[in-house]
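J.: Curious how this folds, go ahead:
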Amino acid sequence: MKSSFLKSLDYFFVLRPMLFFPGWITLLAGYFILQRQNLFLKPARTLHQDFAEIGLLILLFALAMGASFLLNQLQDVESDKANAKLFIVAEGHITRRAVIWEIILLSVLALALAWFLSVLHFILTAGFMVLTGYLYNYPPLALKDRPLGSLVANSLMGWFAFALGWAAVNPLSVAVITDALPYVFLNTALYFFTTLPDMEGDRKSKKHTLAVLMGADIVIRLAFVFFVFSLISAWWLKDYTLLLIAALSAPFFIRALWTSAVSDAVRTTKFTILFFALVICFKLPFFFILMITGFYATRWYFKQRFNFDYPNFKG
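T.: So this is what the prediction gives:
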């Protein structure tokens with residue numbers, strides 16, 4: 001009975017729900033952009049948030065991200081095997097046919113919910129899914145296999161996440177680009193780090209990622225440069241929310257720059273996302289419950305199902 005129940009959970013955890021959190025916190029940073037100079041919201045203001053709207057945005061983006069992550073896993077079966085990761089699809093724990101049907105269901109639900117929210121949310125959601133699901137993974141562009149294309153695509157992913165939240169509280173204007181700059185730069189810095197753990201497997205699979213082409217030292221330096229860009233743009237925009245996140249993360253970035261160790265880069269990514277999420281919790285306290293639930297539910301599942309230590313804060 002227990003084994004059967006755990007196997008049924010494969011269809012949820014194959015969506016990589018821990019990766020929802022970086023997307024969600026960037027979305028919420030956009031949603032709370034008008035309070036970027038207030039690290040804490042007053043209790044009265046917190047209680048008067050539109051929780052239904054926030055919940056729909058979180059659900060919408062989870063559906064869109066889940067569909068895109070599945071499309072990525074379908075395309076990356078061989079490299080995932082080489083890197084010993086994402087084994088639910090790579091090792092056939094659920095069938096390719098089931099994954100395709102799950103992608104269709106998630107995509108339809110995401111687009112329907114986006115249309116319900118607004119035409120702009122529909123356009124942004126469709127753009128995110130086309131970019132991250134198709135253009136990023138599949139020919140003719142297959143941006144993930146092009147160093148510059150992968151960099152641009154990942155930066156745009158962060159912008160789409162921010163814009164989905166921003167559009168819920170602002171009329172469309174050029175500010176959707178300028179307000180997003182500190183967050184896009186920070187997410188891009190973290191993207192550089194994410195290319196490092198898969199470097200050897202990608203090299204064996206003959207993938208031309210930034211880490212494979214440039215090596216760990218240069219990638220870590222580039223990540224630090226984008227981190228500095230994030231700081232500068234946040235200071236220019238008086239975005240104290242991002243400045244607090246950067247202040248907490250800075251020791252980890254500096255250590256990674258000093259050691260050029262992949263383990264320190266990985267640790268920097270994990271702790272920066274944690275600090276980002278905790279700062280968002282200052283403005284949306286119930287998000288902390290979602291974080292804790294997601295973390296421990298995922299740890300329990302992977303431990304029980306595969307005797308695998310994930311997620312963790314190791315390097």
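
J.: What about Arg146, how many residues nearby?
T.: Number of residues near Arg146 (other Cβ atoms under 10 Å) recorded here: 15. Yep, even glycine has a C-beta here, placed from its N, CA and C like the rest.

J.: For Phe160, see how far away Val119 is.
T.: Val119 is 16 Å from Phe160, where distance means Cβ to Cβ, to the nearest Å.

J.: The two - which one has more neighbours?
T.: In terms of neighbours (other Cβ under 10 Å), Phe160 is the more surrounded of Val119 and Phe160; the figures are 22 against 9.

J.: Not counting its neighbours along the chain, what's nearest that one?
T.: Spatial nearest neighbour of Phe160, excluding adjacent residues (Cβ to Cβ, 6 or more residues apart in numbering): Phe128 at 4.0 Å.

J.: list the contacts for the one you found?
T.: Ala64, Ser68, Met157, Phe160, Ala161, Leu164 (Cβ atoms under 8 Å, 6 or more residues apart in numbering).

J.: Wait, the third one touches Thr132, no?
T.: Yes - checked against Cβ atoms under 8 Å, the pair Met157 and Thr132 is within contact range at 5.6 Å.

J.: looking at this protein, which helix or strand does the model trust least?
T.: When the helices and strands of the chain are scored by mean pLDDT, DSSP states H and E, helix 43-47 comes last with a mean of 56.

J.: continuing past that one, what's the next helix or strand?
T.: For helix 43-47, the following helix or strand on the C-terminal side (DSSP states H and E) is helix 51-75.

J.: hmm, back to that, for the contacts of Phe128, give me a markdown table that also has distance to Phe224.
T.: Below are those laid out as a markdown table (distance: Cβ to Cβ, whole Å):
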| residue | distance to Phe224 |
| --- | --- |
| Ala64 | 30 |
| Ser68 | 28 |
| Met157 | 21 |
| Phe160 | 25 |
| Ala161 | 23 |
| Leu164 | 28 |
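
J.: List just the nearest of these to Phe87.
T.: The nearest member of the contacts of Phe128 to Phe87, counting by Cβ to Cβ, is Ser68 at 19.0 Å.

J.: what sits against the closest residue to Gln37 other than its chain neighbours?
T.: Counting by Cβ to Cβ, 6+ apart, Gln37 lies nearest to Tyr240, which is 5.1 Å off, once chain neighbours are set aside. Residues near Tyr240 by Cβ under 8 Å, 6+ apart: Arg36, Gln37, Asn38, Leu39, Ala234.

J.: any idea how far Ala246 is from the last one?
T.: Pointing back at Ala234 there. Distance from Ala234 to Ala246, by Cβ to Cβ: 7 Å.

J.: circling back: mind picking the lowest-pLDDT entry from the contacts of Tyr240?
T.: Least confident of the contacts of Tyr240 in the model: Leu39, at 80.

J.: Surely it and Leu244 touch.
T.: Yes - between Leu39 and Leu244 there is a contact at 6.0 Å, judged by Cβ under 8 Å.

J.: The two - which one has more neighbours?
T.: More crowded of Leu39 and Leu244, by other Cβ under 10 Å: Leu244, with 17 against 13.

J.: Name the helix or strand for the more buried one, please.
T.: helix 240-259.

J.: Check which element follows that helix along the chain.
T.: helix 262-283.

J.: so what does the helix or strand that that following helix is followed by touch, helix or strand wise?
T.: Using DSSP H and E, the helix or strand that follows helix 262-283 in sequence is helix 286-306. On a contact count with 3 or more Cβ pairs under 8 Å, 6 or more residues apart in numbering; DSSP states H and E, helix 286-306 meets helix 2-8, helix 10-13, helix 20-31, helix 262-283.

J.: Throw those helices into JSON lines and include distance to Glu53, mean neighbour count and mean pLDDT, thanks.
T.: Converted to JSON lines, the helices and strands packed on helix 286-306 look like this (distance: least, Cβ to Cβ, whole Å; neighbours: other Cβ atoms under 10 Å; pLDDT from 0 to 100):
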{"stretch": "helix 2-8", "distance to Glu53": "31", "mean neighbour count": "10", "mean pLDDT": "83"}
{"stretch": "helix 10-13", "distance to Glu53": "24", "mean neighbour count": "15", "mean pLDDT": "94"}
{"stretch": "helix 20-31", "distance to Glu53": "9", "mean neighbour count": "24", "mean pLDDT": "97"}
{"stretch": "helix 262-283", "distance to Glu53": "14", "mean neighbour count": "20", "mean pLDDT": "95"}
